[in-house]
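Novice: Kindly generate the corresponding structure for this input.
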Amino acid sequence: MSDRGGAGNGRRDGLDPTRQRSGPPAAGTPSGAGAAPLAPGMTPPLPTRAVRTTAVPPALWATVTSPAAREPTVTTVLTQTVARVLLAPTLVVAAAVLIKGYADTGDGFSAGVIAALGVLLQFVAFGHRVAERLPLLRFAPAGTFVGLALALAVAFVPTLRGDPIMTHAPGPDEHVVHLGTLELLTAVLFDVGVFLLVFGFAVGAIGMIARAADHPAMEPTATPRLAGDDGADSRPIVG
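Specialist: Purely as a prediction, here's the structure:
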C-alpha cells in the first residue's frame, strides 16, 4: 500500500518522521512530487475544480438583442392589415355603446373596454413601438385623469346645491337640449368620464406589459463553464 503514493509519499513521510502512515492517503490529502507536507493536526484542503469563462461573441450578442430580434415574429402582413382595418369600426361600436348607455344597453365602462380591445389588436399586430405612435394612444394617459375629474365633477357638484350625489340635470319635466337624437344630459358626461378613465388605464396597462416583455435582459459578459467538461486541465486550486 505504501507504493501507491510513489516517491513523493516517501519523501513526505521522511520529512515528517513523527507522523506514521499505516495505509493509503486519506481523500483530499496532497500527493505527488510537488505536494507540500502537512503538519500534524492540519486538515487537508478540499479539492476544487478550475472554472473557465467563455465570453459571448459581440456579433452574436448584437444579433440576439437587436430590436428586430425582439419584435414579434408571428405577425404577418394580413394580420397587420386586418388590425388596422378593424380599429375604426371598433371605435365606432364603442362610441355607439357610450352615447346610448344612459337610455339603453351600454355604458362608459363597456365602451372603454371595447375600444381598448381594438388597441390591444394593434399591439399584437405591430408591436408597441409602432402602436404607440398612433395619436389616439399618445393622449390616452392624459385622458385617464380628464375622465376621472369629469366623473367626479358630475357625481359631486350637485352636492354644492344641496342635492344628493349623482343628481343629473336637467331634472324631470325640464327642457332637454338635443343634438340630433342625442339628449345632452349630465348622465352622458358621466359615461364619457368613465369611458376615458377605463380606456386610458387599459391602454397604459397594455403598453406597460408590452414594454416589460420587450425589455432586454442584462448583458452577460461571460458564461461560466467547468474546466473538466471540455477536457481542459482541472488541477486543484489551493489558496
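Novice: The longest helix seen in the chain packs against which elements?
Specialist: Longest helix of the chain, by residue count under DSSP state H: helix 186-214. With contacts taken as 3 or more C-beta pairs under 8 Å, 6 or more residues apart in numbering; DSSP states H and E, helix 186-214 sits against helix 77-99, helix 108-126, helix 128-131, helix 140-156. Where you see a C-beta, it was placed from the backbone N, CA and C, and this is true even at glycine.
Novice: for the second one, what is the average pLDDT?
Specialist: The average pLDDT within helix 108-126 is 92.
Novice: which residues touch that helix?
Specialist: Residues outside helix 108-126 that contact it (C-beta atoms under 8 Å, 6 or more residues apart in numbering): 72, 75, 79-80, 82-84, 86-87, 90-91, 93-95, 97-98, 101, 130-131, 134, 136-137, 140, 190-199, 202-203, 206-207, 210.
Novice: got it, and the third one?
Specialist: Contacts of helix 128-131 with the rest of the structure, by C-beta under 8 Å, 6+ apart, involve 67, 71, 119, 122, 123, 137, 207, 210, 211, 214.
Novice: Repeat the analysis, applying 10 Å as the threshold.
Specialist: With C-beta atoms under 10 Å, 6 or more residues apart in numbering as the test, helix 128-131 has contacts from 67, 70-72, 80, 83, 119-125, 137, 203, 206-214.
Novice: now do stretch 144-158
Specialist: The contact list for stretch 144-158, computed with C-beta under 10 Å, 6+ apart, reads 108, 112, 139, 143, 163-169, 185-204.
Novice: Can you give me the buried ones in that stretch?
Specialist: 144, 147, 148, 150, 151, 154, 155, 158 (16 or more other C-beta atoms under 10 Å).
Novice: Rounded mean pLDDT for stretch 77-85, please.
Specialist: Stretch 77-85 comes out with an average pLDDT of 90.
Novice: how about the nearest residue to residue 82, chain neighbours excluded?
Specialist: residue 125 (7.6 Å; C-beta to C-beta, 6 or more residues apart in numbering).
Novice: circling back: out of the contacts of helix 128-131, which are buried?
Specialist: For those, buried by 16+ other C-beta under 10 Å: 80, 83, 119-125, 137, 203, 206-207, 210.
Novice: would you turn the residues you listed into JSON lines with distance to residue 175?
Specialist: Output for these, formatted as JSON lines (distance: C-beta to C-beta, whole Å):
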{"residue": "80", "distance to residue 175": "50"}
{"residue": "83", "distance to residue 175": "45"}
{"residue": "119", "distance to residue 175": "39"}
{"residue": "120", "distance to residue 175": "42"}
{"residue": "121", "distance to residue 175": "43"}
{"residue": "122", "distance to residue 175": "43"}
{"residue": "123", "distance to residue 175": "45"}
{"residue": "124", "distance to residue 175": "48"}
{"residue": "125", "distance to residue 175": "48"}
{"residue": "137", "distance to residue 175": "39"}
{"residue": "203", "distance to residue 175": "38"}
{"residue": "206", "distance to residue 175": "42"}
{"residue": "207", "distance to residue 175": "44"}
{"residue": "210", "distance to residue 175": "48"}
